[in-house]
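Asker: coords please:
(2 chains)
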Amino acid sequence: DQQVKQNSPSLSVQEGRISILNCDYTNSMFDYFLWYKKYPAEGPTFLISISSIKDKNEDGRFTVFLNKSAKHLSLHIVPSQPGDSAVYFCAAIRGAGSYQLTFGKGTKLSVIP
Amino acid sequence: EAGVAQSPRYKIIEKRQSVAFWCNPISGHATLYWYQQILGQGPKLLIQFQNNGVVDDSQLPKDRFSAERLKGVDSTLKIQPAKLEDSAVYLCASKPGQMNTEAFFGQGTRLTVV
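Answerer: This is a model prediction of the structure:
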């Protein structure tokens, strides 16, 4: 039972263009969402997060949008750079004392110079 | 600030052997997670600790996997006996307890069972 879904296994984008990575979730108890970036042979590193009380959070080139009614979030990277090429994981925390952290399957982003 | 430390980085064992992984979380982090990441998939939660107590171990195959976090600091994950399908990267993560914030990951241990 995939509670966090990333339906696109891969995405290719030209350098300088916008990358949009999508994520859907099913559990309405999730109240905090995160994006992680992972390079080969390394652990995931935190990128950006958003609380369920917000609909947008921005950090430099990275913006996360949350649509609670649709149970959907997206990560926008503008402009995309070759160094952004990595696997991106969407994750969600179920609060209310649990703080269980659940991941999607990931989307491999390739930024083409 | 020191990050999450894991050892060993790589391990190759034969099926039916046992193996143990070690994790030292960031100092002061009350929550510790162990994840299994099979190639091409997302990290799957095996067990979550809050200090030295287990919060969630519903996806831990308890017939062969065990984990402990004595004294609420570092943790070990053991597999006994290992199966071929246990080949994966085992990731440890920690975060401050009882708050919505990011978890920090170690580099992981890549286990190959032959």
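Asker: Not counting its neighbours along the chain, what's nearest A:Ser51?
Answerer: A:Tyr32 (5.7 Å; C-beta to C-beta, 6 or more residues apart in numbering or on different chains). The way it works is simple: take the backbone N, C-alpha and C, and place the C-beta from them, glycine included.
Asker: A:Ser69 versus that neighbour, what's the distance?
Answerer: To A:Ser69, A:Tyr32 is 17 Å away according to C-beta to C-beta, to the nearest Å.
Asker: More neighbours: those two, which one.
Answerer: The neighbour count for A:Tyr32 versus A:Ser69, taken as other C-beta atoms under 10 Å in any protein chain shown, is higher for A:Tyr32 (20 against 5).
Asker: which SSE is the more buried one in?
Answerer: Assigned by DSSP states H and E, A:Tyr32 belongs to strand A:30-38.
Asker: before we move on, what about B:Cys92?
Answerer: strand B:88-95.
Asker: following that strand, which helix or strand shows up next?
Answerer: Note on strand B:88-95: by DSSP H and E, the next helix or strand toward the C-terminus is strand B:104-105.
Asker: Now do the helix or strand just after that next one, average pLDDT.
Answerer: Once strand B:104-105 ends, the next helix or strand along the chain (criterion: DSSP H and E) is strand B:109-113. Strand B:109-113 carries an average pLDDT of 98.
Asker: tell me the angle strand B:109-113 makes with strand B:88-95.
Answerer: Here the directions of strand B:109-113 and strand B:88-95 differ by 150 degrees (axes from the mean of the first three to the mean of the last three C-alpha atoms, to 10 degrees).
Asker: I'd like to know how many residues surround B:Asp86.
Answerer: 20.
Asker: Now for it: which residues touch it?
Answerer: B:Arg64, B:Ile79, B:Leu111, B:Val113 (C-beta atoms under 8 Å, 6 or more residues apart in numbering or on different chains).
Asker: any idea how far it lies from B:Asn24?
Answerer: Distance from B:Asp86 to B:Asn24, by C-beta to C-beta: 22 Å.
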